[in-house]
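Enquirer: Just to be clear, the model below is a prediction. Sequence and coordinates:
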Amino acid sequence: MKNDHAKIFIIDDDEAIRRSLSLLLNSLGYTTETFPSAEEFLGSVDYREAGCILLDIFLEGKTGLELQEEIKSKFENLPIVYITGMGDIPMSVRALKKGAANFLQKPIDEIQLFDAVEEAVSLSHQIVSEQKEISRIRSLMSTLTPRENEVLSYLITGMLNKQIAAKLNITEHTVKLHRGRITEKLGVKSVAEIVRMAGIPDIRQS
Amino acid sequence: MTKTKIISFFFIFITLSSLSFGSTEQTPRNRNILILFSLVPTTPAYRVILDGIRSQLTSEFGYSCNVQIEYLETDRYPKGNYPKERFDLYNKKYKNIDLDLLICVGIDIVGTIKSYADRYLLDLPTISLDYDFSAYGFSTEISLNNQTAVIPLKVEAEKTINTALEIFPETKSIFIFCGVSNGDRLFHVVSEEAVKKIDSHKKVIFITDTSMMDALGIAHRLPENSIVIASSFTTDSKQVPYSNPESVRLISSAANAPVFSYTDTGFGEGSIGGYMIDFTKVGLLTGEIAVKLLNGVDPNSIKVTEKDYYEYLFDWRELERWHIAGSDLIPEESIILFKDFNPIHQYKWFIIGGLLFLILQTMLILNLIRLNRKQKLLTLQIIESENKYRELVREDRILRIGQLTASLSHELNQPLTAILSTAQAGIRFIDSNKANPELLKELFQHIAEDDKRTASILASIRGMLKVEKRDKEKVILNDLIEEVLAIYKSEAIIRRIRLKAILTADPVCILADRTQIQQVIMNLVLNAFQEMEKIQKKDKTLWITESVEDEHVTVSVKDQGRGIDASIKDTVFKPFVTSKKEGMGIGLALSHSIIHDHQGRIWAENLPEGGAEFSFRLKIIQDEG
């Protein structure tokens, strides 16, 4: 089961809610971890795998909404599903606008819960795999020499070998050698593939 | 035995006979009285004299008095053998009547009796009401015998004339009208004597020896500032008889000047009045003396003075006619008769007073009616505003219930969500064959626990929502506060307000209607919420503190709002005073009346660090449990 790899973090100040949601998700095969406040969660968790956060929109101290930014920046991999009481529709809308994955209204319907969690978790899987890919590419990129990096930056703009050689004031043959080493190091077969990898955000900052 | 019988009979006889003698002596004897008048029965004075005598005799002797009355009528038959013939009749008539008293009335009556009466009449105890003209040089006999009580009638001409001149000081001429009969001549002489003593500047004219017609003609054309003295005019020069009242009436109706007279016989017939014999008094006095004489009092011991029966008498109508009614010149002791019954005049002040009273009373009544109407209107207004107030209290309550319901649904949602989720988890576990008895037991325990929590929330809310007023009971204030806080927990979170409670370690008991006190706490908390809603601030905190001082507990709700506006600071506990958009502004007023009803105190103050603090103070009761 794919659920085995996902962990659900439940943040609610009500012990009964934490406990019951935890049990319900357990019954579906999810691993759960509960926290009475967002501060505790932020202070003790460092989790980079797939999963999601069930966050009560009203928390004593900082509200869920206030915590959203903080959680999002720290745990990009964990989409937030809000739990709201009745009549908190304006709040929920604001939460969604700010980028919440979903929201659930108490008393929580199990189907909706599972759908929301499943959706969030699959989103999480996607994010996690993307992040893994990015870090893989990033580590490959880090093996390139400065000259190879220079050649790469011209390559992805679609320049021909001759043009690059002119730009770098080197021979066309030298450009070909660099290009061969780049494809070898990045483990790709074509320049098109290199262009796709370089297109991933933040990839070329390092 | 026979001896004693005889003796006893003898005693009975003696006793009886003595009794019968006694009773004979005490039987009242009829008294016979003869009253002899000299003039005709119609003479006005006689009627009143007779009435006076009769009333006195009747009140003393009842009806055991026979009063015989004879009128000599010497005025009507002055000539010939008339008086003698009359007395011949009387002498015969009363010979066999055992007379006890003789009362004789009139001018020269004593002389006439002496001339014609038989011995037995002459020897009777007598009361004489004859005129005494001795002051004017006439030696008239007024005492019949040595058993005569004398009431000396006098003609006080001088006093009458003087009074007339005092009342009319401008008088220049005095006209004295006299008839020609013996009596008239006596009055003439009396008048002549009287005028000798007055101011010589006044002209005195005697109208005498004239026919009545001539006399009236003269009276009709008197010069200005004249007065008339109608002395006595019983016979005119043509020997036509006139009774005194008639002549006075004729003269005064003709006269163009005020008319005075000497006796009250003409009084009431046109004469103004004068110093006159009051014949009513004379009658009563005569009757009084008659009673005394009949009871054996010595006639000579009786002394009568002029003052007993003379009066200044005036006729109101005549005084009015001559415009001297109420004048200071009329002697103070005067009796004024025939006063017009002019109610407006006579009861002027009574009427004015009465009218004034009536007006005042009417005003008072109108005012009372107005006040009553006003009162009714006010009462209606009070009832109306009371109804309105009650209506508003109800509306406010509904509003509060609405807010409470929102809080309540939040609170109930928690355990309900937990129950639902736990149950669904159980089903899933069973479906996936992961259910073991231990796990299921745990799940059911959770469900039961959460259900109990639901029940307790409902229980506390039920108390808060109760509408009817309940009896005060011993309640733990701490519990009440905690229940309210539980209800408002979610509300506080929604409003991003931290609820901080500092309650006493030991529970504090008070005697209270728990619903009402909770309502006060709820009002204060909600009020604080609403106050803090208005400000933009992170970390808003609402403090509820409970503190004990001697026998009292104080609960304070402190907010971090802008404080109570100065404009409503003094009236914040009055109804409809509010700075809020929501609510009626009666929450605090209601709280005030509730705390007041609990003999407590509620107050509000602004805090130096900002915000307001609302507190109430109640008496603690000892917890015996």
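Expert: It's in. Residues are numbered from 1 along each chain as shown, chains lettered A, B, ... in the order given.
Enquirer: Show me how the chain divides into domains.
Expert: In the absence of a named chain, this looks at chain A. With automatic domain parsing as the criterion, the domains of chain A are listed as A:2-134, A:142-199.
Enquirer: You answered for a different chain; I wanted chain B.
Expert: What the record gives for chain B is the domain set B:157-277+B:306-343, B:468-625, from automatic domain parsing.
Enquirer: out of those domains, deepest packed?
Expert: When these are scored by mean count of other Cβ atoms under 10 Å in any protein chain shown, the highest mean neighbour count falls to domain B:157-277+B:306-343 (a mean of 19). C-beta coordinates here come from the backbone N, C-alpha and C atoms, glycine included.
Enquirer: Tabulate the domains of chain A in JSON lines, adding columns for mean pLDDT and mean neighbour count.
Expert: Below are the domains of chain A laid out as JSON lines (pLDDT from 0 to 100; neighbours: other Cβ atoms under 10 Å in any protein chain shown):
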{"stretch": "domain A:2-134", "mean pLDDT": "82", "mean neighbour count": "19"}
{"stretch": "domain A:142-199", "mean pLDDT": "82", "mean neighbour count": "15"}
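Enquirer: The longest helix seen in chain A near chain B at all?
Expert: With DSSP state H applied, the helix covering the greatest number of residues in chain A is identified as helix A:110-141. Yes. Residues of helix A:110-141 contacting chain B under Cβ under 8 Å from any Cβ of the partner chain: A:110, A:113.
Enquirer: Which strands and helices lie in contact with that helix?
Expert: Contacts defined by 3 or more Cβ pairs under 8 Å, 6 or more residues apart in numbering or on different chains; DSSP states H and E place helix A:110-141 against helix A:15-27, strand A:51-56, strand A:80-84, strand A:102-105, helix A:172-186, helix B:348-431.
Enquirer: could you point out which element follows that helix?
Expert: Heading C-terminal from helix A:110-141, the first helix or strand you meet, by DSSP states H and E, is helix A:146-155.
Enquirer: could you dump that following helix to PDB, C-alpha only?
Expert: Once non-C-alpha atoms are left out, helix A:146-155 reads as follows in PDB (Å, rounded to 0.1, in the frame of the first residue of the first chain):
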ATOM      1  CA  PRO A 146      33.200  25.900 -14.300                       C
ATOM      2  CA  ARG A 147      34.000  25.700 -18.000                       C
ATOM      3  CA  GLU A 148      31.500  22.900 -18.400                       C
ATOM      4  CA  ASN A 149      28.900  25.100 -16.600                       C
ATOM      5  CA  GLU A 150      29.700  27.900 -19.000                       C
ATOM      6  CA  VAL A 151      29.300  25.700 -22.000                       C
ATOM      7  CA  LEU A 152      26.000  24.400 -20.500                       C
ATOM      8  CA  SER A 153      24.600  27.800 -20.100                       C
ATOM      9  CA  TYR A 154      25.100  28.500 -23.800                       C
ATOM     10  CA  LEU A 155      23.900  25.100 -24.800                       C
END
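Enquirer: just to revisit the earlier point, tell me the angle the longest helix of chain A makes with strand A:51-56.
Expert: Following axes from the mean of the first three to the mean of the last three Cα atoms, to 10 degrees, one obtains 130 degrees for the angle between helix A:110-141 and strand A:51-56.
Enquirer: Among the domains of chain B, which comes closest to chain A?
Expert: Shortest separation from chain A across the domains of chain B is recorded for domain B:468-625, at 4.3 Å, computed as Cβ to the nearest Cβ.
Enquirer: So what sits opposite the nearest residue to B:L129 once chain neighbours are set aside in the bridge?
Expert: In space, not counting the residues next to it along the chain, B:L129 is nearest to B:V105; the distance is 4.4 Å by Cβ to Cβ, 6 or more residues apart in numbering or on different chains. Judged by DSSP bridges, the bridge partners of B:V105 are B:F37, B:L129.
Enquirer: Output the domains of chain B as JSON lines; include the columns distance to A:G99 and mean pLDDT.
Expert: As requested, those are arranged in JSON lines below (distance: least, Cβ to Cβ, whole Å; pLDDT from 0 to 100):
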{"stretch": "domain B:157-277+B:306-343", "distance to A:G99": "110", "mean pLDDT": "85"}
{"stretch": "domain B:468-625", "distance to A:G99": "21", "mean pLDDT": "83"}
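Enquirer: would you list the ones you listed in a markdown table and tack on distance to chain A?
Expert: Below are the domains of chain B laid out as a markdown table (distance: least, Cβ to the nearest Cβ, whole Å):
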| stretch | distance to chain A |
| --- | --- |
| domain B:157-277+B:306-343 | 91 |
| domain B:468-625 | 4 |
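Enquirer: want to throw those domains into TSV with distance to A:A116?
Expert: Supplementary listing: the domains of chain B in TSV, determined by distance: least, Cβ to Cβ, whole Å:
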stretch	distance to A:A116
domain B:157-277+B:306-343	111
domain B:468-625	22
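Enquirer: so what's A:Q126 up against?
Expert: For A:Q126, no residue meets the contact criterion (Cβ atoms under 8 Å, 6 or more residues apart in numbering or on different chains).
Enquirer: For the helix or strand harbouring B:G52, name the packing helices and strands.
Expert: When elements are assigned from DSSP H and E, B:G52 belongs to helix B:44-61. On a contact count with 3+ Cβ pairs under 8 Å, 6+ apart, helix B:44-61 meets strand B:31-37, strand B:65-71, strand B:101-105, helix B:279-294.
Enquirer: give me every residue that touches the most centrally placed residue in chain B.
Expert: Centrality entry for chain B: nearest residue to the mean C-alpha point is B:F357, 10.6 Å, by Cα atoms, centre = their mean. For B:F357, no residue meets the contact criterion (Cβ under 8 Å, 6+ apart).
Enquirer: Report the separation between it and B:L371.
Expert: As defined by Cβ to Cβ, to the nearest Å, B:F357 lies at a distance of 20 Å from B:L371.
Enquirer: Likewise for B:A425?
Expert: 78 Å.
Enquirer: of these two, who's got more company?
Expert: Remark: of B:A425 and B:L371, B:A425 carries more neighbours, 25 against 10, as counted by other Cβ atoms under 10 Å in any protein chain shown.
Enquirer: so who does that one touch?
Expert: By Cβ under 8 Å, 6+ apart, the residues touching B:A425 are A:20, A:23-27, B:443.
Enquirer: Could you save these as JSON lines and add columns showing distance to B:V240?
Expert: Formatted as JSON lines, the entries for these read as follows, by distance: Cβ to Cβ, whole Å:
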{"residue": "A:S20", "distance to B:V240": "149"}
{"residue": "A:L23", "distance to B:V240": "155"}
{"residue": "A:L24", "distance to B:V240": "153"}
{"residue": "A:L25", "distance to B:V240": "157"}
{"residue": "A:N26", "distance to B:V240": "160"}
{"residue": "A:S27", "distance to B:V240": "158"}
{"residue": "B:L443", "distance to B:V240": "154"}
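Enquirer: Farthest pair within the residues you listed?
Expert: A:L25 and B:L443 (13.7 Å; Cβ to Cβ).
Enquirer: For the lengthiest strand in chain B, which helices and strands make contact with it?
Expert: Counting residues, the longest strand in chain B under DSSP state E turns out to be strand B:540-549. Using 3+ Cβ pairs under 8 Å, 6+ apart as the contact criterion, the secondary-structure elements in contact with strand B:540-549 are helix B:477-494, strand B:497-502, helix B:514-533, strand B:552-558.
Enquirer: if you set the cut-off to 10 Å instead, what comes out?
Expert: With contacts defined as 3 or more Cβ pairs under 10 Å, 6 or more residues apart in numbering or on different chains; DSSP states H and E, the packing partners of strand B:540-549 are helix B:477-494, strand B:497-502, helix B:514-533, strand B:552-558, strand B:612-619.
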